[in-house]
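A.B. asks: sequence first, predicted model second:
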Amino acid sequence: PEGKQRSAVIPLLWRAQEQNDGWTSEPAMRTVADMLDMAYIRVYEVATFYTMFQLSPVGKKAHVQVCGTTPCMLRGAKELIEICKRRIAKTPHTLSTNGDFSWEEVECLGACVNAPMIQIFKDTYEDLDEKAMEDLLDAFARGETPISGPQIERDFSCPEGGLTSLFEVPEYVPLNLEMGKKPENDLAKAATMQVSQKLDETIDEEALKDQVSEVSTTNEQVRTVGGKPSQLEAPRNGQADDLKMIKGIGPKLEQMLNELGIYHFDQIANWSRDNVAWVDQSLSFKGRIVREDWLNQAETLAKGQETEIAPRASYDVQSKEEA
């Protein structure tokens, strides 16, 4: 649009570079400037600022950009650079003898968890070691385009050694499965086993027993149905415990728990596995109860003892009341 032409300078320079054997020449910059009614120096400033634009001819088959920022350097980028020096040229931005390759060291390419990594034109190649780097250069030399992404058995940026968090199996129904059935694959089974192990480690043996009871007094009406935990119509003696003393429970979650009839530490301390699952489902934050160990915290607080967070939470409440 009129007055907004400059917003197209980066995509036009990129397209010019693609059409000019992978580098941005000065005539190409002037052409882009004329198209956008910009001063030549303004386009030149953009082209020289971003490492995505090459100001001299690059390898016809591959221009290798090696990330040299700290995570990549700690995990082997120096060795990748040495391979480039040996196989391509001793100095960056220098064509190989056959003109097929060139290389340079660049700043962060944005996949630090998959370090070390390189970028060749538009594609990134991650989780590299010396052998993988040699194999990539061999493939480009043959005129092939290797599959981009991690070069090890790893899905994108998932943990190398398997799951370390987010153990829960997602509640969804893929289009190719019958309604109500969960996918039976190795990942789902492993995640289910890890959830079970985590619960067994965290919840006391007594708390795993089903808490099914009906209690009726003048001050409370307890309702227990299926996986539902013990719920009160109102706090005992009109005074609810400060559930914010439990790490992971803030004002909003405390209000939601109160609306479910959860007012006291001992209620939470006595939750069974089914109770935990029911509350997880009701509050839509699966795994948080186990992850932040609500049951043990609640048991400590119910005994009149303090948890790590309790003094700070008490101070915050007092400060707000004084304010």
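C.D. replies: Nice, I can see it.
A.B. asks: list the contacts of E105.
C.D. replies: Q65, V66, C67, G68, I81, P92 (Cβ atoms under 8 Å, 6 or more residues apart in numbering). Any C-beta I mention is one placed from the backbone N, CA and C, and that applies to glycine too.
A.B. asks: looking at these, spot the one nearest I246.
C.D. replies: Nearest to I246 among the contacts of E105 is C67, at 42.6 Å by Cβ to Cβ.
A.B. asks: helix or strand: which one has the closest residue to M29 other than its chain neighbours?
C.D. replies: Setting aside the residues directly before and after it, M29 is nearest to V43 in space (Cβ to Cβ, 6 or more residues apart in numbering), at 4.8 Å. Assigned by DSSP states H and E, V43 belongs to helix 40-49.
A.B. asks: which other helices and strands contact that helix?
C.D. replies: Packing partners of helix 40-49 (3 or more Cβ pairs under 8 Å, 6 or more residues apart in numbering; DSSP states H and E): helix 9-19, helix 26-36.
A.B. asks: give the buried residues for it.
C.D. replies: V43, Y44, V46, A47 (16 or more other Cβ atoms under 10 Å).
A.B. asks: follow-up on the earlier one: the helices and strands packed on helix 40-49: which one's closest to S165?
C.D. replies: Closest among the helices and strands packed on helix 40-49, using Cβ to Cβ: helix 9-19, at 36.7 Å.
A.B. asks: and the closest one, average pLDDT?
C.D. replies: Averaging pLDDT along helix 9-19 yields 95.
A.B. asks: quick check, distance from it to the centre of its chain.
C.D. replies: 31 Å (Cα atoms, centre = their mean, to the nearest Å).
A.B. asks: okay, it in CSV with CA atoms only?
C.D. replies: Below are the C-alpha coordinates for helix 9-19, written out as CSV (Å, rounded to 0.1, in the frame of the first residue of the first chain):
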residue,chain,number,x,y,z
VAL,A,9,11.9,-5.1,1.6
ILE,A,10,12.9,-8.3,3.4
PRO,A,11,10.7,-10.7,1.4
LEU,A,12,11.7,-9.0,-1.9
LEU,A,13,15.4,-9.2,-1.0
TRP,A,14,14.9,-12.9,-0.1
ARG,A,15,13.1,-13.6,-3.4
ALA,A,16,15.9,-11.7,-5.3
GLN,A,17,18.5,-13.8,-3.5
GLU,A,18,16.7,-17.1,-4.4
GLN,A,19,16.7,-16.0,-8.1
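A.B. asks: relative to helix 40-49, how tilted is that helix?
C.D. replies: Relative orientation of helix 9-19 versus helix 40-49 (axes from the mean of the first three to the mean of the last three Cα atoms, to 10 degrees): 70 degrees.
A.B. asks: helices or strands up against helix 9-19?
C.D. replies: Packing contacts for helix 9-19, counted by 3+ Cβ pairs under 8 Å, 6+ apart, involve helix 26-36, helix 40-49.
A.B. asks: send me the regular element (helix or strand) spanning E134 as CSV with only the CA atoms.
C.D. replies: Using DSSP H and E, E134 maps to helix 130-141. Output of helix 130-141 as CSV, limited to C-alpha atoms (Å, rounded to 0.1, in the frame of the first residue of the first chain):
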residue,chain,number,x,y,z
GLU,A,130,31.1,-35.0,13.2
LYS,A,131,29.9,-38.1,11.3
ALA,A,132,26.4,-36.6,10.7
MET,A,133,28.1,-33.4,9.4
GLU,A,134,30.3,-35.4,7.0
ASP,A,135,27.3,-37.4,5.8
LEU,A,136,25.3,-34.2,5.1
LEU,A,137,28.1,-32.6,3.1
ASP,A,138,28.5,-35.9,1.1
ALA,A,139,24.7,-35.9,0.4
PHE,A,140,24.8,-32.3,-0.9
ALA,A,141,27.9,-33.1,-3.0
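A.B. asks: quick one: the helix or strand following it to chain centroid distance?
C.D. replies: Next helix or strand after helix 130-141 toward the C-terminus (DSSP H and E): strand 149-150. Strand 149-150 sits 16 Å away from the centroid of its parent chain (Cα atoms, centre = their mean).
A.B. asks: before we move on, back to that, let's have the helices and strands packed on helix 9-19 in JSON lines, adding mean pLDDT and distance to I246.
C.D. replies: As requested, the helices and strands packed on helix 9-19 are exported to JSON lines (pLDDT from 0 to 100; distance: least, Cβ to Cβ, whole Å):
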{"stretch": "helix 26-36", "mean pLDDT": "96", "distance to I246": "58"}
{"stretch": "helix 40-49", "mean pLDDT": "96", "distance to I246": "50"}
